[in-house]
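Enquirer: I'll drop the sequence and a predicted model, then ask my questions.
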Amino acid sequence: MVMGVVAGVANWIAGPAVGVAPIAPPESPMAWTLLAFARREIDGFVSSMTDASSRTDAAAVVATSLDSETPVAARAVADAVPARPRFPTPGAQLSPSTSFVDWVTGNFQPNDTYARYGIWGTDVGTMWDNGIADDPDTPINEHQVLIAFGDTFGGPNMTGTWRLNTLFRSSDLTLADGLSVPDGQWLNGNMFGGSPLWEENYARQIILPERLPSGLPPGVTLIPTAGISVPTPGTQFGATQYLSFMSVKQWGAAGQWSTNYSAMAYSTDNGENWYIAPQSVRMNDPLSGNANFQQAALVRPGDGYVYSYGTPNGRQGAAYLSRVAEKDILDVSKYDYYSKGDPGGWFGWGATPAGWYRNQPAKATPVFGGAERGTCGLTKPGGQVSEMSVQYNKTLQKYVAMHGDQSNSIVLRTSDTPEGPWTEPTVLLAQQPGGIYAPMMHPWSPSTMGTGTDLYWNLSLWSEYNVMLMRTDLTKV
């Protein structure tokens with residue numbers, strides 16, 4: 001019954017056109033609470049919240065943060081929200097290989113994104129190198145990592161002002177003590193401050209519904225899933241940023257949602273302003289094969305191509321692979337799709353040789369996940385693929401993919417080539433109370449750069465609805 005109500009609320013909320021000014025959620029906070037129930041990661045985490053030994057004063061924090069002008073519905077939600085378990089203390093070892101470094105977002109020190117950017121809660125945190133060289137004659141480091149987030153709220157429990165997506169910038173090379181985000185740069189034209197701003201201490205939305213191509217609905221929200229930088233001589237900073245995002249049509253049961261389409265936004269000013277390419281849109285159409293490319297992971301190995309891994313909407317799919325010449329990244333008609341080959345039916349009828357197929361997404365076959373079944377019909381760890389990131393790791397001299405699986409564990413795979421074969425998954429971090437998802441690797445990790453064995457990555461925690469920095473020692477995997 002609750003799921004029926006959730007589906008109704010998801011359809012009821014029509015995804016308003018959100019400009020650069022922050023707004024309140026389009027309907028009551030109660031509606032967003034129901035959506036939160038639909039989007040939560042682990043059905044069982046509710047039981048952990050009722051354990052008296054793990055209760056905190058989170059509900060009190062919610063209640064005291066609501067002033068007298070807060071709608072009655074919002075106060076009712078605050079009163080009803082049970083206390084939530086906090087994640088372990090920064091520095092805690094969570095598995096033999098992996099530890100929690102510190103919070104990236106939320107009202108936590110040292111970043112305190114609530115006070116500095118009006119961000120109490122957000123998720124995803126996909127990261128990429130902006131590809132811009134540092135200018136030694138300026139006081140700020142222009143060579144940065146850009147970090148894109150999904151639904152962003154200015155208050156606890158998805159209340160306060162709502163932005164469909166936001167962005168941070170960081171030049172922090174010392175990740176062992178956390179990922180620091182510098183202050184914003186307000187009214188001085190600086191495009192390398194900690195975040196694009198709507199006002200002095202308030203991050204603004206970056207992908208705007210009003211900039212969507214004509215006729216495309218924004219849906220419930222627009223969530224970034226992967227970013228990449230490509231050199232573009234003659235542009236303002238010599239590099240263009242590309243950000244793949246999905247339009248969510250409807251939230252469903254835990255870990256399930258449907259999309260309208262995926263598309264790509266681009267920026268030539270280091271993520272300050274974004275525009276959406278009409279030719280990049282992939283409607284969620286199973287017959288065309290584009291349904292398998294609604295969420296992305298992007299990697300640019302330097303061979304002239306950008307490789308784009310795709311998954312369907314939700315968290316119970318497989319990973320597929322496409323590639324495109326760097327200069328054509330915005331044009332979906334110029335992508336090649338990888339097939340591991342299909343022997344066909346009777347007498348080879350319908351056989352497909354292994355290889356790349358131009359503008360034929362339906363020819364793509366899973367490169368990992370989806371069909372990896374264990375005994376007795378049980379899915380093996382890592383058998384299905386949720387949000388993921390892919391990099392080339394110089395220390396391992398292999399491509400590395402990280403993703404969540406059907407149990408909300410975080411797994412790692414490696415391959416010598418983008419198309420595979422990929423190894424069986426290794427579990428880095430089993431599911432945690434509160435729900436973990438969206439492992440997004442940091443491009444400046446020592447192992448990625450070839451200077452060490454540590455791999456740093458962002459991880460979202462649903463119960464706190466915020467992003468953490470994690471560290472994995474690859475010698476212990």
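Expert: Ah, there it is.
Enquirer: So, low pLDDT: which residues of the chain?
Expert: Low-confidence regions of the chain, defined by pLDDT under 70, span residues 1-86, 345-350, 371-379.
Enquirer: residue closest to the middle of it?
Expert: A centroid search over the chain (CA atoms, centre = their mean) returns Val124, at 3.3 Å, as the residue closest to the centre.
Enquirer: Number of residues surrounding the residue nearest to that one when sequence neighbours are not counted?
Expert: When the adjacent residues along the chain are set aside, Val124 lies closest to Gly150, with 4.4 Å between them (CB to CB, 6 or more residues apart in numbering). C-beta: built from backbone N, CA, C; applies to glycine. Applying other CB atoms under 10 Å, we find 26 residues neighbouring Gly150.
Enquirer: How much space separates Gly150 from Gly452?
Expert: Here the criterion is CB to CB, to the nearest Å. By it, Gly150 lies 30 Å from Gly452.
Enquirer: Then Leu179?
Expert: For Leu179, the distance to Gly452 under the criterion CB to CB works out to 16 Å.
Enquirer: More neighbours: which of the two?
Expert: Neighbour comparison, Leu179 and Gly452: the larger count goes to Leu179, with 26 against 14 (by other CB under 10 Å).
Enquirer: What is the three-state secondary structure of that one?
Expert: coil (DSSP: H, G, I helix; E, B strand; the rest coil).
Enquirer: Grab the nearest non-local neighbour of it.
Expert: Using CB to CB, 6+ apart and skipping residues adjacent in sequence, the residue nearest Leu179 is Leu469, 4.8 Å away.
Enquirer: Just confirm that neighbour contacts Phe108, I think it does.
Expert: No - using CB atoms under 8 Å, Leu469 and Phe108 do not qualify as a contacting pair, with a distance of 11.4 Å.
Enquirer: so where do the strands sit in the stretch 251-400 of the chain?
Expert: Per DSSP state E, counting those that start in this stretch, the stretch 251-400 of the chain has strands spanning 257-267, 275-276, 282-283, 295-299, 305-311, 318-325, 336-339, 355-358, 368-369, 388-393, 398-404. These are given in chain order.
Enquirer: Same list (those strands) but as TSV, adding mean neighbour count and distance to Phe100.
Expert: Shown next, in TSV, are the strands of the stretch 251-400 of the chain (neighbours: other CB atoms under 10 Å; distance: least, CB to CB, whole Å):
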stretch	mean neighbour count	distance to Phe100
strand 257-267	23	27
strand 275-276	16	35
strand 282-283	20	35
strand 295-299	26	23
strand 305-311	25	26
strand 318-325	22	26
strand 336-339	21	35
strand 355-358	14	40
strand 368-369	26	26
strand 388-393	23	18
strand 398-404	25	16
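Enquirer: what about Tyr114, which helix or strand?
Expert: helix 113-117 (DSSP states H and E).
Enquirer: Show me what the helix or strand following that helix pairs with in its sheet, parallel or antiparallel.
Expert: With elements assigned by DSSP H and E, the helix or strand that comes after helix 113-117 is strand 124-129. Listed by DSSP bridges, the sheet partners of strand 124-129 and their directions read strand 145-149 (antiparallel).
Enquirer: count of neighbours near the nearest residue to Pro361 once chain neighbours are set aside?
Expert: For Pro361, the nearest residue in space outside its immediate sequence neighbours is Gly289; the separation is 3.2 Å by CB to CB, 6+ apart. Other residues lying near Gly289 total 19 when counted by other CB under 10 Å.
Enquirer: Cool, thanks, talk later.
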